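In: Predicted model follows, preceded by the sequence.
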Amino acid sequence: MKLLLDNNLSPKLVGQLAHLYPDSNHVSALGLDSASDLQVWQYARQNACCLVTKDSDFNDLLATKGFPPKVIWIRLGNCTTAEIAALLQTYHETIQEFNQDSTVGLLELQ
């Protein structure tokens, strides 16, 4: 399973989570750091990535466009990169199940 980490998350997460989420990437590493939300959405869709974000705009895109891509919406508010890494590690099994469930497009984690 590939995660695509949005601009509002640290690029360091890719390395920190590589053992759980191989082939994941950050938008900045792909030259998408200045891209619109729709362009990021389209990249995630075309490349079978699960989009991870703290941005509610992707929830809005999900509501209007459906999925794929699936969206993991981090709802921690102001937090550290370590807290986000811990959250994605703690919920690894839940995220795997979410990725395989063809009926659900949004997973909120807090």
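Out: That came in fine, so what should we check first? Source: prediction; values computed, not measured. Numbering: from 1, shown residues only.

In: For the helix or strand bottoming out on mean pLDDT in the chain, buried residues please.
Out: Every helix and strand of the chain was ranked by mean pLDDT, DSSP states H and E. The lowest is helix 57-65, at a mean of 92. Residues 58, 61-62 are the ones in helix 57-65 that count as buried (16 or more other Cβ atoms under 10 Å). C-betas here are computed from N, CA, C, even on glycine.

In: Output these as TSV; include the columns distance to residue 29.
Out: Shown next, in TSV, are those (distance: Cβ to Cβ, whole Å):
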residue	distance to residue 29
58	19
61	21
62	23
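
In: For residue 42, state which of those residues is nearest.
Out: residue 61 (9.9 Å; Cβ to Cβ).

In: Which residue comes closest to that closest one once chain neighbours are left out?
Out: Excluding its sequence neighbours, the residue lying closest to residue 61 (Cβ to Cβ, 6 or more residues apart in numbering) is residue 41, at 5.2 Å.

In: Now the terminal residues of stretch 6-16, how far apart.
Out: 15 Å (Cα to Cα, to the nearest Å).

In: what's next to it, contact-wise?
Out: For stretch 6-16, contacts defined as Cβ atoms under 8 Å, 6 or more residues apart in numbering pick out 5, 24-29, 33, 40, 51-55, 58, 74, 81, 84-85, 88.

In: Quick one: buried ones out of those?
Out: Among the contacts of stretch 6-16, those buried by neighbour count (16+ other Cβ under 10 Å) are 5, 24-28, 40, 51-55, 58, 74, 84-85, 88.

In: Which of the residues you listed fall within strands?
Out: 5, 25-26, 51-53, 74 (DSSP state E).

In: how far away is residue 66 from residue 9?
Out: As defined by Cβ to Cβ, to the nearest Å, residue 66 lies at a distance of 23 Å from residue 9.

In: higher neighbour count, these two?
Out: Counted by other Cβ atoms under 10 Å, residue 66 and residue 9 do not tie: residue 9 has more neighbours, with 23 against 8.

In: so that one, which of the three states?
Out: coil (DSSP: H, G, I helix; E, B strand; the rest coil).
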